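**Q** A predicted structure for the sequence below; I have some questions about it.
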Amino acid sequence: MLKRNRSLLDIDRDHLIHPVTSFRGHEARGATLLQSGKGMFLTDVDGKELIDAFAGLWCVNVGYGQDSIVEVAAEQMRRLPYATGYFHFGSEPAVKLAEKLVELSPANLTRVYFTLGGSDAVDSAVRYIIHYFNAIGKPAKKHFIALERGYHGSSTVGSGLTALGNFHRFFDVPRPWQHHIPSPYPYRSPVGGDAQAVIDLSVAQLRAKVAELGADNVAAFFCEPIQGSGGVVVPPKGWLKAMREACRELDILFIADEVITGFGRTGPMFACDHEGVQPDLMTVAKGLTAGYAPMGAVLMSEQIFKGIADGASPDLPIGHGFTYSGHPVSAAVGLEVMRLYTEGGILANGQKVGADFAAGLASLADHPLVGETRGQGLLGAIELVADKQSKARFDNGLKLPDRLFAKAYANGVIFRAFADGIIGLAPALCCNADEMSLIFNRIRQTLDQLLEEPDIRAALR
């Protein structure tokens, strides 16, 4: 067994390129191979059991080992493993899943285009927006605005809307038509933590950017209701609605990127539901299939659909499509995941255990290393600082993310360790109170061990 494991690691080093990883750094470190999962727990190839406080990559919302999902996927593979959406073909699972998403999503979103994941959902949204404004006779509307610290995928287009340095370096993005305004980050806002002041500042910054570019030149504003990969930045209540209203007044489209926040992650089915926001388009993925199969989607309002549909002769195709759009196996998985959220009680359980998650975050706020804890539903963050008063971050030379992850792994818990000393948490919606307690006990143990390190203690002010 040990020989086999070493062999797999060697093969991985020699052949497999990992996403968002230093190529040489990974060759030196090697892979951590996972073997199995059940519920909230993963087991690696060495038999170590870990509680997954990050749902894979914000996506395994229903937990590991849901047999009903495996069964519907296998049945669909036996019956019809593939059906193209080209040439007017379709399949029952894709049609039914589109209907279900329209039923569950904000009321104005009536049309669905299926993708393979979140990045190509963002790309598809951009392409449809450009097509829409050309079709309705507003071809100058080509500029897009997003948020600093925002994440909208790592594709050729989406990486420019993303505002994280690793996704820009050597990739020649953002493009000249991609712009960013500051993040609504209450903990580090120049106006302090006052909710209304943060909201007013964001609205003013959006208005100023549109004025700078010219309203006739701006197509859309992209945002995550809660910024995920930027450090789980939670805007004040009312921010999303205020930004949506500002976009309406400025005559630009409002796109909600719910790839992370969708499907119960923040409490309701979609984060937009917290404030009754109806976006012009919404991108989803991750929780759509709970990570059991690749799939994403763009949900589109009737207004946008009509503009595109009526902008050309009926005999001309709209030239955007993917081989695996509406893949029947992924769609069958998505339908079963939707059933588990609703009839299966997973959404309700997530809402119930959200109180335990909030209490767990709050319990760590007094730790000497913690500057702030924040969250909504089952999406949260713990921000570590060297000085609680000044909010100064730890020096990058301390390699805090690597040390945090390693200590947590040794303690049997997996979380996201961001580059600027932020711990990201997104436990599955199937988590129970005891498992939630275990997560936070192991995180506290990890923080206590980190605090014992002489260079970390010396860095505290």
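**A** Everything's here; your move.

**Q** ok, Arg188 - contacts?
**A** By CB atoms under 8 Å, 6 or more residues apart in numbering, the residues touching Arg188 are Lys391. For every residue, glycine as well, the C-beta is placed using N, CA and C.

**Q** quick one: secondary structure of Val198?
**A** helix (DSSP: H, G, I helix; E, B strand; the rest coil).

**Q** Also Val298?
**A** Put simply, Val298 is strand when judged by three-state DSSP.

**Q** what's the answer for Tyr132, then?
**A** The local conformation at Tyr132, judged by three-state DSSP, is helix.

**Q** What residues does it make contact with?
**A** Shown in contact with Tyr132 (CB under 8 Å, 6+ apart): Ile304, Gly307, Ile308, Gly311.

**Q** Over to Asp455?
**A** Here Asp455 is in contact with Leu398 (criterion: CB under 8 Å, 6+ apart).

**Q** Roughly how far does the residue nearest to Ser159 when sequence neighbours are not counted sit from Leu201?
**A** Sequence neighbours aside, Phe167 is the residue nearest to Ser159 in space, at 4.6 Å (criterion: CB to CB, 6 or more residues apart in numbering). In this view, Phe167 and Leu201 are 25 Å apart by CB to CB, to the nearest Å.

**Q** okay, these two: which has more neighbours?
**A** The residue with more neighbours, out of Phe167 and Leu201, is Phe167; 21 against 17, by other CB atoms under 10 Å.

**Q** For the more buried one, give me the pLDDT.
**A** Phe167 carries a pLDDT value of 96.

**Q** Equivalent analysis for Lys3, please.
**A** For Lys3, pLDDT reads 52.

**Q** With Lys142 instead?
**A** We note a pLDDT of 98 for Lys142 in this prediction.

**Q** buried residues in stretch 424-434?
**A** By 16 or more other CB atoms under 10 Å, the buried positions in stretch 424-434 come out as Gly424, Leu425, Ala426, Pro427, Ala428, Leu429, Cys430, Cys431.

**Q** same deal with stretch 242-262?
**A** For stretch 242-262, the buried set under the neighbour-count rule, 16+ other CB under 10 Å, comprises 242-244, 246-247, 250, 252-262.

**Q** Show me those residues that map onto helices.
**A** Applying DSSP state H to the buried residues of stretch 242-262, the entries found in helices are Ala242, Met243, Arg244, Ala246, Cys247, Leu250.

**Q** For Val233, see how far away the last one is.
**A** Between Leu250 and Val233 the computed distance is 23 Å (CB to CB).

**Q** Now do the same contact list for the nearest residue to Gly311 once chain neighbours are set aside.
**A** Residue nearest to Gly311 in three dimensions, not counting chain neighbours: Ala135, with 2.4 Å by CB to CB, 6+ apart. Ala135 sits next to Gly307, Ile308, Asp310, Gly311, Ala312 when contact means CB under 8 Å, 6+ apart.

**Q** quick one, strands of the stretch 1-150 of the chain?
**A** With strands called from DSSP state E, counting those that start in this stretch, the stretch 1-150 of the chain shows them at 34-38, 41-44, 49-52, 109-115, 143-147.

**Q** Now the element after the last one, going C-ward?
**A** So the one you mean is strand 143-147. Under the assignment DSSP states H and E, the closest C-terminal helix or strand after strand 143-147 is helix 158-161.

**Q** re the thing from before, pick the most deeply packed of the strands of the stretch 1-150 of the chain.
**A** Comparing these by mean neighbour count (mean count of other CB atoms under 10 Å), strand 143-147 ranks first with a mean of 26.

**Q** how distant is that strand from the center of its chain?
**A** Centroid displacement of strand 143-147 relative to its chain, using CA atoms, centre = their mean, to the nearest Å, is 18 Å.

**Q** which helices and strands does that strand pack with?
**A** Judged by 3 or more CB pairs under 8 Å, 6 or more residues apart in numbering; DSSP states H and E, the packing partners of strand 143-147 are strand 178-181, helix 195-213, strand 218-223.

**Q** Which of the ones you listed sits closest to Arg444?
**A** Nearest to Arg444 among the helices and strands packed on strand 143-147 is helix 195-213; the distance by CB to CB comes to 28.9 Å.

**Q** and the angle for that closest one with strand 218-223?
**A** Using axes from the mean of the first three to the mean of the last three CA atoms, to 10 degrees, the inter-axis angle of helix 195-213 relative to strand 218-223 is 150 degrees.

**Q** what helices or strands is helix 195-213 leaning on?
**A** Packed against helix 195-213 by the contact rule (3+ CB pairs under 8 Å, 6+ apart) you find strand 143-147, strand 178-181, helix 239-250.

**Q** circling back to that earlier point, pretty sure the residue nearest to Ser159 contacts Gln178?
**A** No. Contact criterion CB atoms under 8 Å: Phe167 and Gln178 do not qualify, at 11.8 Å.

**Q** picking that back up, among the buried residues of stretch 424-434, which pair sits farthest apart?
**A** Checking the buried residues of stretch 424-434 with CB to CB, the most distant pair is Gly424 and Cys430, at 19.0 Å.

**Q** Now for Gly424: which residues touch it?
**A** If you count contacts by CB under 8 Å, 6+ apart, Gly424 has them with Phe54, Gly228, Ser229, Gly231, Val232, Gly380, Ala381, Phe415, Arg416, Ala417, Phe418.

**Q** wait, the third one sits on Leu164?
**A** Yes. Ser229 is within contact range of Leu164, at 6.5 Å (criterion: CB under 8 Å).

**Q** out of the two, which sits in the busier spot?
**A** Counted by other CB under 10 Å, Ser229 and Leu164 do not tie: Ser229 has more neighbours, with 23 against 20.

**Q** Gly371 belongs to a strand?
**A** Yes. With three-state DSSP as the criterion, Gly371 is part of a strand.

**Q** So it versus Tyr113, what's the distance?
**A** Distance of Gly371 to Tyr113, computed by CB to CB: 41 Å.

**Q** Just give me the neighbour total for the spatially closest residue to Glu336 that is not a sequence neighbour.
**A** Closest residue to Glu336 apart from its sequence neighbours, by CB to CB, 6+ apart: Val72 at 4.6 Å. Val72 has 20 neighbours, counted by other CB under 10 Å.

**Q** pLDDT score assigned to Val72?
**A** Here the pLDDT value assigned to Val72 is 98.

**Q** what's the first-to-last distance across stretch 9-26?
**A** End-to-end distance for stretch 9-26, by CA to CA, to the nearest Å: 11 Å.

**Q** on that earlier part again, if I pick the residue nearest to Ser159, what's in contact with it?
**A** With CB under 8 Å, 6+ apart, Phe167 has these contacts: Tyr151, Ser154, Ser159, Val173.

**Q** and what of Gly65?
**A** Gly37, Lys38, Gly39.

**Q** Show me what the mean pLDDT comes to for stretch 246-266.
**A** What stretch 246-266 shows for mean pLDDT is 98.

**Q** End to end on it, go ahead and measure it.
**A** First-to-last residue span, stretch 246-266, CA to CA: 23 Å.

**Q** Distance from that stretch to the middle of the chain?
**A** Stretch 246-266 has its C-alpha centroid displaced from the chain centroid by 13 Å (CA atoms, centre = their mean).
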